[in-house]
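Undergrad: for reference, the sequence and a predicted model appear below.
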Protein chains: 2
Amino acid sequence: MDHTLIAILFSILISLIAFGFAAWLYRWVDSRESENAKIASIADLIRSGANTFLKKEYLVLAKFAGVVALLILLFLPTPIWKGTWTSNLIMTFAYLFGTVFSAFAGKIGIFVATIANRKTAEAALQGIRPSFLSGFRGGAVMGMAVVGASLLGVSLVFYLTKNPTMILGFSFGASSLALFAKAGGGIFTKTADISADLVGKVELGIAEDDPRNPAVIADNVGDNVGDVAGMGADLFDSHVASLAAALVIGFAIDEITGSKNTILVFVYAALGLLSSIIGVASAKMGKHGNPTRALNTSTYVTTALFTILTGIATWALHFEWRIYLSAIIGLLVGVIVGIATDYFTDDSKPPVRKVSEASESGPALTIISGVSYGFLSVLPAMIGIAISAFAAYKISAPLGIADNLEVEYALFGIAMAAVGMLSIVGMIISNDAYGPIVDNARGLAEMGDLGEEVIAITDSLDSAGNTVKAVTKGFAIGAAGLTVISLLGAFITEVNAAIDEHALAIPKITGFDIMNPAVFFGLLIGAAVPAVFSAMLMLGVNKNAERMVAEIHRQFETIPGLKEGKEGVMPESDKCIEIATSGALKELIPAGLIAIVMTIFVGFIGGVYAIGGYLAGNIVSGLLLALFMSNSGGLWDNSKKYVESGHHGGKGSETHKAAVVGDTVGDPFKDTAGPSINTQITVVSLISSLLAVLFLMYSLF
Amino acid sequence: MDHTLIAILFSILISLIAFGFAAWLYRWVDSRESENAKIASIADLIRSGANTFLKKEYLVLAKFAGVVALLILLFLPTPIWKGTWTSNLIMTFAYLFGTVFSAFAGKIGIFVATIANRKTAEAALQGIRPSFLSGFRGGAVMGMAVVGASLLGVSLVFYLTKNPTMILGFSFGASSLALFAKAGGGIFTKTADISADLVGKVELGIAEDDPRNPAVIADNVGDNVGDVAGMGADLFDSHVASLAAALVIGFAIDEITGSKNTILVFVYAALGLLSSIIGVASAKMGKHGNPTRALNTSTYVTTALFTILTGIATWALHFEWRIYLSAIIGLLVGVIVGIATDYFTDDSKPPVRKVSEASESGPALTIISGVSYGFLSVLPAMIGIAISAFAAYKISAPLGIADNLEVEYALFGIAMAAVGMLSIVGMIISNDAYGPIVDNARGLAEMGDLGEEVIAITDSLDSAGNTVKAVTKGFAIGAAGLTVISLLGAFITEVNAAIDEHALAIPKITGFDIMNPAVFFGLLIGAAVPAVFSAMLMLGVNKNAERMVAEIHRQFETIPGLKEGKEGVMPESDKCIEIATSGALKELIPAGLIAIVMTIFVGFIGGVYAIGGYLAGNIVSGLLLALFMSNSGGLWDNSKKYVESGHHGGKGSETHKAAVVGDTVGDPFKDTAGPSINTQITVVSLISSLLAVLFLMYSLF
C-alpha cells in the first residue's frame, strides 16, 4: 500500500496546486480595470440572474439528491437487510460528496465567468491581447477547479475507503447532478437564446444583443448557467467516471496479481492535470493576434507534455508500456475526433459552405443539408472510437495472459484510453469556458456602447470560441464513449464480485451475447433511450420558448417607447429570466428521470444480461445522436455567421433568414440535447453498476 | 420430401391464383370509362415519364447486377477455386432471378398505377365509391403481383435447388435491386416534390398541382416511380428475406430432427397470401363513404383470416403451436407498431396538433418540435419489436430442448414472427399503392378541370391514403427489424455450415459477445452506416432539387405567358423529368455502395465476429433512424394539412409557411431516406450471410 499512498498523496498535491493556480488566475482577472458604470450595471444583472437560477436549481437538486441518498442508504451497494449498514452509509456519503463537488465546480465557474465577462469587454479597449488573456484566464479558473476537484475527490474517497466501488458512488453523485445541471442549464440557455433570436433577429430585424430586447439579459445569463456551469459539471462527471472505471478494473487486477495499476491511474491523472496547468500558464497570444491559434497552441503544449511526462513516469516507475500506449492512443483519437468535428463545422470547409449555399433555396434545404452533414459527421468519430477501443483492447490483453486475466487487462486498457483522452480535460474546459465569457463580453460591449472597434475585437474572440467549442465537444463525446465502454467492464466486475460475495448460485458473467434474447431486448430499448431523452429536453425548450416569445411580444406592445428605443426605457428582463428559470426547473426532472427509470425497468425485467445489452445500445445510439446533434448544430451556427459575413447576400437577405432558421434549430441540438446525452449515458452506466446486485437478485427473467 | 413437395406446390398454386386475380383486377380497372382528352394527354405524359425513368434506371441496374453476378460466379457461396463451380453457377442464377422478379414487380406496379390514376380521377365524376374502388383495385394489382412473385420465386428456387442458401442468393438479388430502386425512386420523387413546392407553394403561392408549374408532372411521375415501384421493390425484398431466413434456419433444424419446419414456412406464407386475396376481394366502401374505414376493414379481415387459417393448418398438419404463437405475436406487434405510428402522425392526436401550434412561432420551432416527436415515436415501436423478439425466442426455444437445438428453434421462432408480421403484406402493399394512385388522380382532376366536387372526392381519398401510408410504413419497418434479427441467425447457420464443410480449425460460433472487441468494433461502425447512407440520399435530393429549382425559375422567367397562365402556354415538363432522372441515377449508386463497401471492409478487417456486431449495430441504429425519419416526416405532412384545413390561420398565413417548411424537410425524411434504410439493413444482412465463408477465411483479425 505504501506506493499507492504516495501516488494518492501526489495526486492530492497536484490538485492543491491546481486550486492555488486557479486562485492566482482569479485574482489576476479580478484585478483588471473596469470602470464603465453601464457595463457594471448590466454585468450585475447577469450575475444576479445566474446566481438566482443556480440557487433555485440547486434547491431542486438538493431534494433530489436527498431522496437518492436515502435510497442508497437502504439499498446500495447491497440491500441493508443483506449486507452491512456501514458500507451503505459510506456509499451514501460518497454519493453526497460527489454531488457537492459537482455543484461546487459549477458554482466556481459561474462566479468567475460573471466577473471575467466585463473585464474582457473593457480590456478590449486596450487591444485584443489583454482582452484575450482576461477571457482565457477566466475560463481557466473553471478548468483548474473542475479537474482539481475531480482528482481531489477521487483521491480522498479512495484514500478513506480503499474501495473503488465507493468511487462509483462518488461518480454517480457527480453524474446525477451533472445530468440535471446540463439539462436544466441547457433548457434555460436555449429558451432565452431562441426567444431572443426569434423576436429580435427574425421578426424585428434588430441586432443580436440589442438592449431593447427583454430576452437579451436572459440569453447572457443562459450562456453562464448552460455553457459554463452545465458544461463544467458534464466534464467533471466524465473525468470522474473515467477514473472510477479505471480504478474499479485496475484495483481488481491488482488484488489478484499484485500489479500497480492503481498507482498508474493516479500518476497518469495527476500528470494530466499538471500538463494542463503548465499549458494554461504558457498560454499567450502571439504577434498575429490570432485567438484560435493561441488556444490551439496551448492545447498542443498540454498534449505533448502529457505524452512526455507519462512516458518518463512509465519508464521510471516500471509501469507497463502497453498501458501507456493505450492511454496515448486514447489521446490521439480525441485529437482525431476533434479534427473531424472541425471539418464539419469550420466555415472554410465544404460542409458549412454547402449549407450556406443551400440556404439560398430557403430554410427547408438549410435543414435537410445540415441534417445530412450532421449524419455524415458521425462516421469518422465512430470509426475513431471503434478503432481506439479495439486497439487498446488488443494491446493490453496480452498483459493478462500469465494470470488468465486477458479480458480484465483489455478492459483496463480501454479505461486507460479514456483516461488518456480526458487527461488534458483541464485545458479543454479552459478553452470551453472561454467561449461563453467572450460571448458575454461581446454582448456587454454592445450594450455598454464601447464602440465598433471593441465589438470587432470581441467578435473575433467570440468566433475563435465557437471554433474551439465544436472541437472540444467532439472531444467530450469521444471521451464519454470510451469511458462508458470501460464502465461496461466495471459493471461486469461489480456483478461478479457480488456473485462471490453473496455466494449466489449463478454462473459468473463473461460477456453479453447479442444472440441472447435478453441482451438483444436490452439493446433495442437502450438504443431508444437517448432519442427519447433528447426529445423531452427539446420539447422542454420549445414549450418554454413559446412562453417567452409571448412575454417579449407583450413587453414590446405594452411598454411605451421600448420598441423605439426611447432614452431610459428599459425592458423587464427579470420577467424573461423568471420564465427561463421556472420552465427549466419544470422540464429537467422528467427528462432525467426517464433515463433512470428505463434502466431500472429493463434491469428488473431482463436482469443483468438485458442491462448489458441495454448499455451497449445506449452507448451506440447515444454516441450517434450526440455527435449528430452537436455537429449539425455547430455547422448551422457557423453557416449563419458565414452568411452574415457577407456571403450569399449577407445580413438581412432571404438566405440569411434561412440560415437563421438553421441556427435556431441547431441551438437546442448543440447546446441542450447533444451534450446532455454524454451525461445521460454515463449516469445510466453508473446506475447499472451500482444496482448490479439488485438486478442479479430480483429480476423477472 | 413428399409433404414438402406438396407444400411447395400449394404455394405455387396460391401464387398463380394471386396472379390470376391480379389480371382480373387489372382488366376491371382498365375497363372503367375514361373519355376526358386533357386528362388522357397529361396521364400519358406521366406514364411516359415514369417508363422512361424506369427504363434508364433498369439499364443502370442491369449493369450493376451483371457485375455482381460475375462476382458471385467467382466467389459465392465458396470461392471457385475452393468449391464446386456448379453451386456458384446456381447461386448466380438465383441472384439474377431475384433481380428480375424484383424489377418485374416494380414494372407491373407502374404499369397499372399509371392507368388507374386517370380511371380513379374520372370515376370520381360518378361518386366516391367507384372512384375508391378504381384506386384500391389498381393498387391491389401491385399487391398481388409482388407477393405472388415473391412466393413463386422462393418456391421455385427451393424446389429446383433443395438448398435454402440459394434462397439467400435470390433474396440478395431482390434486395440489391430494391436498394437502388428505392433510393433512385426516392431521390427522383422528392427532387420533384420539393422543387415543385418550393417554387409553387412557397414562392408564388399557387396551388399544389397547378399546371403552370413545370415540376408538377415530374412530381406525379415521382409518386409512381418512388412510392409505387420503389415501395413495391422494398416490400418484395422484405417478404423474400423473411422467408429466406425462416427457410435457412428451419431447414437446418429439419435436417437434424426430421421436423417439418420447411413445410410450415411454405404453408404459412401461402395462407398469408390467400388471406390477402380474400381481404382484397372483400374490400368495398360502406354506406358512410369513409375510405380510411374501408381500407382498415380489409386489413382486419386479412389479419383475422390469417390467424384462423394458420390455426386450422397448425391443428390439421400437427405443426408446433409454439411456432404458431410466435407468428401471431409478430402479426400483433405489427399492428401495435402501426397504431403507435398512427398516434404520432394522425392529425386528431396531440403530436400533430402541437407541431401545428409551434409553427405559429416560425419554422424553427416546427422543425424542433417535429424532430422531438419523431424521436419520441421511436420508443413504442422499439419496445414492441424488442418484446416480440424476446417472446418469440422464449416461446420457441423449448421446442429444441430434446435435441439441444434451443437457440436454433428460438431463432426460427423469431424468423416466423417476421413471417407472421409480413403475412398480410399483400394487403399492406395494396393499401400502400393506393396512396400514390389517388394522389395522382387528385392532380389529374385539378389539371383536367374536373371541378371542385371531384377534387373534393379525390382529396378525401388522398387523405385516407396518407393516414394508411404512415401505418403501413411502421409495419414495414417493424417487419424489417424482425427479419434482420432472424437473418442474424441465418448468418450464424451459414458460418457454422461453412466451418463444417471446409473442415476449418475454428470453433463454431455460438453468439456475439459485446465484450469481444471485434464485436464492439463492428457494433459502433454498423451503427454509423444508416446515418451515412441516409445523409448521402438526402444530399442527393438536395443537390438535385437545387438544379430543378433553377430550371423552374428559368422557365417562369423566359417562357412568355407561363406565369400569367395564358391559354395554350405549357411548361416544359420534360426538362424537369430529365433533371430528376439523371440526378437520381447519379446519386443512387454511391449511397447504395457505401453500405455494401463498409460491410466488406468490416468483414475483412474484423472477421465474422466483427460482422455479428456490425449487423446488430446496423439493425439497432437503422430501426431508430428509419422510425424517426418516417414518423417525423409523416407528422410534418399532416401538420401542414391540418393548418391548411383552416387552423392557426390556415392557408397563406405565416403559420402555414412554417408548416410548409416542415413538410418539405419531411419529404426526403419519409420518402427517401427513412424507408430506404429498411432495404439497406436487409441488403447488409444478406451480404454478410453470403460472404460468411470469405470473412471466415480471409479476415485480418
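TA: Structure received.
Undergrad: can you name the element that comes right after the helix or strand of chain A with the lowest mean pLDDT?
TA: Ranked by mean pLDDT, DSSP states H and E, the helix or strand of chain A with the weakest confidence is helix A:452-501, at a mean of 81. Later in the chain than helix A:452-501, the nearest helix or strand by DSSP states H and E is helix A:517-558.
Undergrad: now do that following helix against helix B:517-558, angle only.
TA: For helix A:517-558 against helix B:517-558, the angle by axes from the mean of the first three to the mean of the last three C-alpha atoms, to 10 degrees is 40 degrees.
Undergrad: as a whole number, average confidence for the following helix or strand past helix A:517-558?
TA: Where DSSP H and E defines the elements, the next helix or strand beyond helix A:517-558 is helix A:573-644. Averaging pLDDT along helix A:573-644 gives 89.
Undergrad: and the angle for helix A:573-644 with helix B:573-644?
TA: 180 degrees.
Undergrad: and the least confident helix or strand of chain A, anywhere near chain B?
TA: Yes - contact of helix A:452-501 with chain B (C-beta under 8 Å from any C-beta of the partner chain) involves A:485, A:488-489, A:492. Backbone N, C-alpha and C define where each C-beta goes, glycine included.
Undergrad: among these, who's most crowded?
TA: When neighbours are counted by other C-beta atoms under 10 Å in any protein chain shown, A:Ile485 leads the residues of helix A:452-501 next to chain B with 31 neighbours.
Undergrad: show the contacting residues for that one.
TA: Residues in contact with A:Ile485, defined by C-beta atoms under 8 Å, 6 or more residues apart in numbering or on different chains, are A:389, A:414, A:418, A:619, B:520.
Undergrad: of those, closest to B:Gly138?
TA: A:Ile619 (47.3 Å; C-beta to C-beta).
Undergrad: which residue, other than its chain neighbours, is closest to that closest one?
TA: A:Val484 (5.0 Å; C-beta to C-beta, 6 or more residues apart in numbering or on different chains).
Undergrad: and the most far-flung residue of chain A relative to its centre, its phi and psi?
TA: The centre of chain A is farthest from one residue, A:Pro560, which by C-alpha atoms, centre = their mean lies 42.5 Å away. Backbone torsions of A:Pro560, given as degrees, to the nearest 10, read phi -70, psi 130.
Undergrad: just the pLDDT for it.
TA: Reported pLDDT for A:Pro560: 85.
Undergrad: who in the stretch 601-701 of chain A is up against chain B?
TA: The stretch 601-701 of chain A has residues A:606, A:612-613, A:616-617, A:620-621, A:623-624, A:628, A:660-661, A:664-665, A:668, A:701 near chain B, with proximity defined as C-beta under 8 Å from any C-beta.
Undergrad: quick one: low-confidence ranges for chain A?
TA: A:1, A:287, A:470 (pLDDT under 70).
Undergrad: OK, contacts around the residue nearest the centre of it?
TA: For chain A, the residue nearest the mean C-alpha position is A:Asp234 (3.3 Å; C-alpha atoms, centre = their mean). Counting by C-beta under 8 Å, 6+ apart, A:Asp234 touches A:178, A:181-182, A:476, A:675-676, A:678-679.
Undergrad: from chain B, how far off is the residue nearest to A:Ile619?
TA: For A:Val484, the distance to chain B equals 11 Å [C-beta to the nearest C-beta, to the nearest Å].
Undergrad: please report how far that residue lies from A:Leu76.
TA: Distance of A:Val484 to A:Leu76, given as C-beta to C-beta, to the nearest Å: 20 Å.
Undergrad: repeat for A:Asp237
TA: 18 Å.
Undergrad: residues near A:Leu271, how many?
TA: A:Leu271: 23 neighbours (other C-beta under 10 Å).
Undergrad: thought it was touching A:Thr314?
TA: No - counting by C-beta atoms under 8 Å, A:Leu271 stays clear of A:Thr314, with 10.1 Å between them.
Undergrad: contact partners for the closest residue to A:Gly606 other than its chain neighbours?
TA: Of all residues not flanking A:Gly606 in the chain, A:Ala518 sits nearest, at 4.4 Å (C-beta to C-beta, 6+ apart). Listed by C-beta under 8 Å, 6+ apart, the contact partners of A:Ala518 are A:606-607, A:609-610, A:613, A:701, B:390.
Undergrad: same thing but at 6 Å, please
TA: With contacts defined as C-beta atoms under 6 Å, 6 or more residues apart in numbering or on different chains, A:Ala518 is in contact with A:606, A:609-610.
Undergrad: doesn't A:Arg32 belong to a strand?
TA: No - A:Arg32 is assigned coil when assessed by DSSP: H, G, I helix; E, B strand; the rest coil, not a strand.
Undergrad: separation between the nearest residue to it once chain neighbours are set aside and A:Asn36?
TA: Leaving aside its sequence neighbours, A:Arg32 sits nearest to A:Lys119 (C-beta to C-beta, 6+ apart; 4.1 Å). As for A:Lys119, its distance to A:Asn36 is 11 Å (criterion: C-beta to C-beta).
Undergrad: and what of A:Ala397?
TA: According to C-beta to C-beta, A:Ala397 stands 61 Å off from A:Asn36.
Undergrad: now for the contacts of A:Asp234, which pair is the farthest apart?
TA: A:Ala181 and A:Ala476, at 14.6 Å, using C-beta to C-beta across those.
Undergrad: neighbour-wise, which of those two wins?
TA: Neighbours were counted for A:Ala181 and for A:Ala476 using other C-beta under 10 Å; A:Ala181 has more, 31 against 28.
Undergrad: you'd agree the more buried one is up against A:Gly232?
TA: No - if you go by C-beta atoms under 6 Å, A:Ala181 and A:Gly232 don't touch, sitting 8.4 Å apart.
Undergrad: pull up the overlap in contacts between the two.
TA: Counting by C-beta under 6 Å, 6+ apart, the residues touching both A:Ala181 and A:Gly232 are A:Gly106.
Undergrad: coming back round to it: more neighbours: A:Asp237 and A:Leu76, which one.
TA: A:Asp237 (33 against 26).
Undergrad: against B:Gly465, how distant is that one?
TA: A:Asp237 sits 49 Å away from B:Gly465, going by C-beta to C-beta.
Undergrad: ok, A:Gly169 next?
TA: Counting by C-beta to C-beta - A:Gly169 and B:Gly465 are separated by 56 Å.
Undergrad: more neighbours, the two?
TA: A:Gly169 (30 against 27).
Undergrad: which strand or helix spans the more buried one?
TA: helix A:164-196.
Undergrad: what about that helix and chain B, any contact?
TA: No - Helix A:164-196 does not reach chain B (C-beta under 6 Å from any C-beta of the partner chain); its nearest approach is 7.0 Å.
Undergrad: using PDB, write out every CA atom in the following helix or strand past that helix.
TA: Downstream of helix A:164-196, the next assigned helix or strand under DSSP H and E is helix A:216-222. What follows is helix A:216-222, C-alpha atoms only, in PDB (Å, rounded to 0.1, in the frame of the first residue of the first chain):
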ATOM      1  CA  VAL A 216     -31.000  39.600 -24.100                       C
ATOM      2  CA  ILE A 217     -30.000  39.600 -20.400                       C
ATOM      3  CA  ALA A 218     -31.600  36.200 -20.000                       C
ATOM      4  CA  ASP A 219     -29.600  35.000 -23.000                       C
ATOM      5  CA  ASN A 220     -26.400  36.200 -21.400                       C
ATOM      6  CA  VAL A 221     -27.400  34.500 -18.100                       C
ATOM      7  CA  GLY A 222     -28.000  31.400 -20.100                       C
END
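Undergrad: quick one: residues in contact with helix A:216-222.
TA: Residues outside helix A:216-222 that contact it (C-beta under 6 Å, 6+ apart): A:45-46, A:49-50, A:188-189, A:192-193, A:196, A:209, A:440, A:443, A:573, A:576-577, A:580.
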